[in-house]
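# Attaching a predicted model along with its sequence, questions to come.
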Amino acid sequence: MEFFERFAIPHPSIAIYASMVAAGLTMIAVIAGLTYFKKWGYLWREWITTVDHKRIGIMYLISALLMLFRGGVDAIMMRAQLAVPENKLLDAQHYNEIFTTHGVVMILFMAMPFIIFFMNFVVPLQIGARDVAFPRLNALSFWLFFMGAMLFNISFMVGGSPDAGWTSYFPLADGESVGSHYYMIAIQIAGIGTLMTGINFITTILKMRAPGMTLMKMPMFTWASLITSVIIVFAFPVLTVALAMGTMDLLFGTQFFTLDNGGMAMLWANLFWVWGHPEVYILILPAFGIYSEIISTFSRRNLYGYKSMVGSMVLISLLSFVVWAHHFFTMGQGAFANSIFSITTMAIAVPTGVKIFNWLLTLWKGKIEFTTPMLYSTLFIPLFTLGGVTGVMLAMSAADYQYHNTMFLVAHFHNVIIPGVVFAMLAGLTFYWPKMFGFMLNEKIGKWTAWLLSIGFLLAFMPMYVTGLDGQARRMYTYSESTGFGPLNMVSFIGAAIMAVGFVLIVYNIYYSVRYASRDISADPWDARTLEWATHTPVPEYNFAITPEVASSEALWDVKKKDHVLFKGDYEKIHMPNNSGVPFIMSCIFFAWGFSLVFSLWIPAIITTIGIFVCMTLRSFEKDHGHYISVKEIEDTESELRGA
Amino acid sequence: MKIDHSLPLEYSTEENRLKIFGFWIFLGAEIMLFATLFASYFTLYNRTGSGPNGAEIFHITPVLLETILLLTSSFTIGLGVHAMRLGRQKAMMGFFVVTLLLGLAFLGVEIFEFVTYVHEGAGLQTSAFTSILLTTLGTHGAHVTVGLFWGLYILIQVKRDGLTPETGNKSFIFSLYWHFLDVVWIFIFSFIYLKGMM
Ligand code: HEM
Ligand SMILES: [Cu+2]
């Protein structure tokens, strides 16, 4: 029995038991459903073993949406707890656990997969490629991410959640429960997957573009993905090392971040933010890319200032590596260092501002059409700018002594992440939905959602600027009546509830559109400009029957306006990669490995380590040359898709 | 698969070219990984707590031996790749075997070195300095270990299939990896050992 005690949760509550039951029932329902409808084979053949970038993309999307709701429930619980002073809904420990998992889940397991979904689904189509450079690696990336996310998500039911914040500063991140073990190991597994995604997409974008597509003729989203991938490749190894050191401190008693024997807790803070700040730009740059596509599509004109758009992204990516200390101005590195980091931080606002003006100038004289994606994009511009301005306020190191670790900071980063990243994801989701599934999402519900989310956002976060300046600290589970923070926190709660309604509306919209939306849409329903709209809907396995030839960054628009011919020549047989179960199996072993380490179960840890190497060995010896799609098959598929 | 005979074997197909390019990007990530370890080392190297410092535990003999072994192995793998391009399978395999044996010897000396450190009271848990020292060296050593297995697998495949675009490509990529480990070692040698002994 003693053995099993370690899996118990140290700090149980009704809510946790209820979620355990819910999770268990869901599992049973899924398994029963799959068995009853005899879908196991389909699931294995078409999804689990797939190496197709479009399907992997959709799996990223589903995971991201699931995580959005997990993180959203955390958020609502926090706001409910703070809605009134001295509330007893959650105690301090639960509150700590919830803000920790909320942050990690939202940034690493919601926003990251969401942008990687776009990269997967859109980039190969946008550059006229058949797939990514390393399809098998792509599948491994996804499954590692997925298993990392799952490992993190079971923490609150098995052994206990991490409770030291998404930044997990030492010595707060101690070994008191296994929570911090989960943090270190789960993020490590997912992070390795993300790193490989970065490598994969740099290679894909640099080496697999359609003939004629020079670097300066790449669509803006592809540029954003390229730069993001470069940031990933340079930033994620820092996280890998930091997490490995943290893991060793917790499991093997090393002295990296400890308080004696020379350990240095600030080293963790530095390493974390050397990764962490670039990470926020990993999220926002693809979002910028999506806005660029949408704004130019629905202004019915080309993107203003293409070159300065690219230049500003390059500049942002460089600057993002030299600002990390702005996250701990108050931790005593001295006035000189603080001033340097203040200036570099403020400098980021310049290229960001350039982009804002370029979007505005694209709208200027455009024939604007307010579809749902465009509505999100036009709401993004003013709301995000507000967040940028408060960012510059925070960047002033002397003033930051007032703002740091208050609700003001919380308001700032939600102000950039929600209108910046989340709106981009929802805009992009609405935009690419018809390409993925062959029908449009309902526009009316979509617009309602956009407005609800914007109003909810303003109500939820604007009050925090005020209470933050008044001194309400972040990460505090309650406050006293006499502070006077009560009413504004109630407003925040109402805002959060409105946002929750908005997110539920998205689900309803999907349901509604699945049932009622017309299936009779063209392959280019938005009258768009780039290559991804030049192939059929649904997109065939091989993407393009004939590799397109391109003459500008708006290849499809050239077809429409300049009689450009994309597809020249005859069908040739197409080489495609084979499906494989190894990425999934290997990632399952990684899950077991992570779980064993979390609970210091050394024998299973050794066995699973060997298992991982066995998978790699098998891969080395495997002879897999892919397969060919014959000209006959291409002809059949094409005529069927054209007919439909 | 289209094979372009005007290019060296390892570059001769589209897939091969992609793999080599992708591997260079991977090495970029590896550079960041080791750079982070070095940065942490420089932050922590004089935080020795109650444990020994570098000058007290570093011995020049094993370190020189390791350096010579690894540098030589980088040379022999270069010869191996050259032989591969000339299509001389036997010579290529010979050089790869020598490379791996040198790598194995390196690893042997490194393990001996680690055991000595622990005996001299410089274990993984002793101080921030020893933690980061052993982690940095250990990360490099782990890379060499993985390389030994990887190289062995490639040898078996060359034996099984001969020199094909595929095996040529694998051997070449492996040689990039091996050279990279050598470069990292040069940094370890200069900035950890020599600096520490001065
Ligand atoms: C003009 C651009 C920006 C500037 C000048 C800026 C500045 C800052 C500063 C100085 C802080 C630290 C404040 C403190 O801890 O007291 C901060 C925190 C933060 N920023 Fe920004 N920021 C900008 C844009 C962004 C963007 C685009 C994102 C994300 C998409 C973002 C996400 C965050 C996050 C997540 C934190 C808080 C992390 C934490 O402590 O938990 N920021 N920002
Ligand atoms: Cu930052």
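Noted; the coordinates are in hand. Numbering: from 1, shown residues only, chains lettered A, B, ... in the order given. Ligands and ions are numbered 1, 2, ... in the order given.

# where does the residue lying closest to A:A190 once chain neighbours are set aside fall, helix, sheet strand or coil?
Spatial nearest neighbour of A:A190, chain neighbours left out: A:G148 (2.9 Å); criterion: Cβ to Cβ, 6 or more residues apart in numbering or on different chains. Where you see a C-beta, it was placed from the backbone N, CA and C, and this is true even at glycine. Judged by DSSP: H, G, I helix; E, B strand; the rest coil, the three-state class of A:G148 is helix.

# is any part of the longest helix seen in chain A close to ligand 1?
For chain A, the longest helix by residue count, based on DSSP state H, is helix A:265-299. Yes. With Cβ under 6 Å from any ligand atom as the threshold, helix A:265-299 lies in contact with ligand 1, specifically through A:280, A:283-284.

# residue contacts, the residue nearest to A:A190?
Applying Cβ atoms under 8 Å, 6 or more residues apart in numbering or on different chains, one finds that A:G148 lies in contact with A:109, A:186-191, A:193, A:590, A:594.

# Likewise for A:L531?
Taking Cβ under 8 Å, 6+ apart as the contact definition, A:L531 lies against A:125-128, A:210, A:219, A:548, A:550, A:555-556, A:566.

# out of those residues, who's near chain B?
Contacts with chain B within those, counted by Cβ under 8 Å from any Cβ of the partner chain: none were found.

# Per-residue confidence at the closest residue to ligand 1 within chain B, what does it come out as?
Taking Cβ to the nearest ligand atom as the measure, the point where chain B comes nearest ligand 1 is B:T36, at 20.4 Å. Confidence at B:T36, expressed as pLDDT, is 98.

# related to what we said a few turns ago, okay, the residues of helix A:265-299 next to ligand 1 in CSV with pLDDT and neighbour count next?
Below are these laid out as CSV (pLDDT from 0 to 100; neighbours: other Cβ atoms under 10 Å in any protein chain shown):
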residue, pLDDT, neighbour count
A:V280, 95, 17
A:L283, 97, 22
A:I284, 97, 23
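
# what's the closest of the contacts of A:G148 to chain B?
Chain B lies nearest to A:G191 out of the contacts of A:G148, by Cβ to the nearest Cβ, at 11.4 Å.

# tell me the pLDDT at the closest one?
We have a pLDDT of 97 for A:G191.

# so how far is A:F145 from it?
A:G191 sits 9 Å away from A:F145 when distances are taken as Cβ to Cβ, to the nearest Å.

# Just want to know which of those two has more residues nearby.
Regarding A:G191 and A:F145, a neighbour count based on other Cβ atoms under 10 Å in any protein chain shown identifies A:F145 as having more, with 27 against 23.

# and that one, what does it touch?
Neighbours of A:F145 in contact, by Cβ under 8 Å, 6+ apart: A:60, A:63, A:109, A:112-113, A:116, A:190, A:193-194.

# where in chain B is pLDDT low?
In the predicted model of chain B, residues B:1 satisfy pLDDT under 70.

# Which stretches in the chain count as strands?
If you meant another chain, say so; for now it's chain A. Shown for chain A, the strands assigned by DSSP state E span residues A:574-576, A:627-629.

# Now tabulate the ones you listed in CSV and tack on mean pLDDT.
Listed next are these as CSV, based on pLDDT from 0 to 100:
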stretch, mean pLDDT
strand A:574-576, 92
strand A:627-629, 92
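
# which parts of chain B sit against ligand 1?
Within reach of ligand 1 by Cβ under 6 Å from any ligand atom, chain B has no residues at all.

# how about the residue of the stretch 51-200 of chain A found nearest ligand 1, what does it touch?
Ranked by Cβ to the nearest ligand atom, the top residue of the stretch 51-200 of chain A for proximity to ligand 1 is A:T167, at 5.6 Å. Taking Cβ under 8 Å, 6+ apart as the definition of contact, the neighbours of A:T167 are A:103, A:269, A:272, A:276, A:327.

# Could you give the number of residues near the last one?
What that stands for is A:H327. As a burial measure, the neighbour count of A:H327 was computed by other Cβ under 10 Å and equals 21.

# Just the pLDDT at the nearest residue to it once chain neighbours are set aside, thanks.
For A:H327, the nearest residue in space outside its immediate sequence neighbours is A:W273; the separation is 4.6 Å by Cβ to Cβ, 6+ apart. A:W273 is assigned 97 on the pLDDT scale.

# With the one 5 residues further on instead?
In this model, A:P278 is scored at 97, pLDDT.

# Distance check, it against ligand 1.
11 Å (Cβ to the nearest ligand atom, to the nearest Å).

# got a list of what the residue lying closest to that residue once chain neighbours are set aside touches?
Here the nearest residue to A:P278 in space, its sequence neighbours aside, is A:A235; by Cβ to Cβ, 6+ apart that works out to 3.9 Å. The neighbours of A:A235, taking Cβ under 8 Å, 6+ apart as the test, are A:274-275, A:278-279, A:282, A:321, B:32.

# Output those residues as TSV; include the columns neighbour count.
Output for those, formatted as TSV (neighbours: other Cβ atoms under 10 Å in any protein chain shown):
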residue	neighbour count
A:V274	24
A:W275	25
A:P278	27
A:E279	24
A:I282	27
A:F321	17
B:M32	20
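
# correct me, but A:I127 touches A:K207?
No. Using Cβ atoms under 8 Å, A:I127 and A:K207 do not qualify as a contacting pair, with a distance of 10.0 Å.

# quick one, which of those two is more surrounded?
A:I127 (24 against 14).

# Against chain B, how distant is that one?
Counting by Cβ to the nearest Cβ, to the nearest Å, the gap between A:I127 and chain B amounts to 14 Å.

# phi, psi of that residue?
Main-chain dihedrals, A:I127, degrees, to the nearest 10: phi -100, psi 10.

# Then A:F544?
The phi/psi pair for A:F544 (degrees, to the nearest 10) reads phi -120, psi 130.

# list the contacts for it?
Taking Cβ under 8 Å, 6+ apart as the definition of contact, the neighbours of A:F544 are A:128, A:130, A:534-535, A:567.

# Out of these, who's the most crowded?
A:G128 (27 neighbours).

# nearest residue to that one other than its sequence neighbours?
Nearest residue to A:G128 in three dimensions, chain neighbours excluded: A:A210, at 3.0 Å (Cβ to Cβ, 6+ apart).

# Give me the neighbour count for residue 153.
This is for chain A. Burial measure for A:N153: 20 neighbouring residues, criterion other Cβ under 10 Å.

# Wait, chain B was what I had in mind.
Neighbour count for B:Y153, taken as other Cβ under 10 Å: 17.

# tell me which residues of stretch A:617-637 are tucked away?
By 16 or more other Cβ atoms under 10 Å in any protein chain shown, the buried positions in stretch A:617-637 come out as A:619, A:629, A:633-634, A:637.

# longest helix of chain B?
Secondary structure of chain B read by DSSP H shows that its longest helix is helix B:128-161.

# Is chain A within reach of it?
Yes. Shown here: helix B:128-161 in contact with chain A (Cβ under 8 Å from any Cβ) through B:128-132, B:135, B:149-150, B:153-154, B:156-157.

# How far does that helix sit from its chain's centre?
6 Å (Cα atoms, centre = their mean, to the nearest Å).

# wait, doesn't A:T344 sit right on A:A325?
No. Using Cβ under 8 Å, A:T344 and A:A325 do not qualify as a contacting pair, with a distance of 9.0 Å.

# These two: which is more packed in?
Comparing A:T344 with A:A325 by neighbour count (other Cβ under 10 Å), the higher total belongs to A:A325, at 22 against 18.

# Now the more buried one. Nearest residue, chain neighbours left out?
Residue nearest to A:A325 in three dimensions, not counting chain neighbours: A:F341, with 4.2 Å by Cβ to Cβ, 6+ apart.
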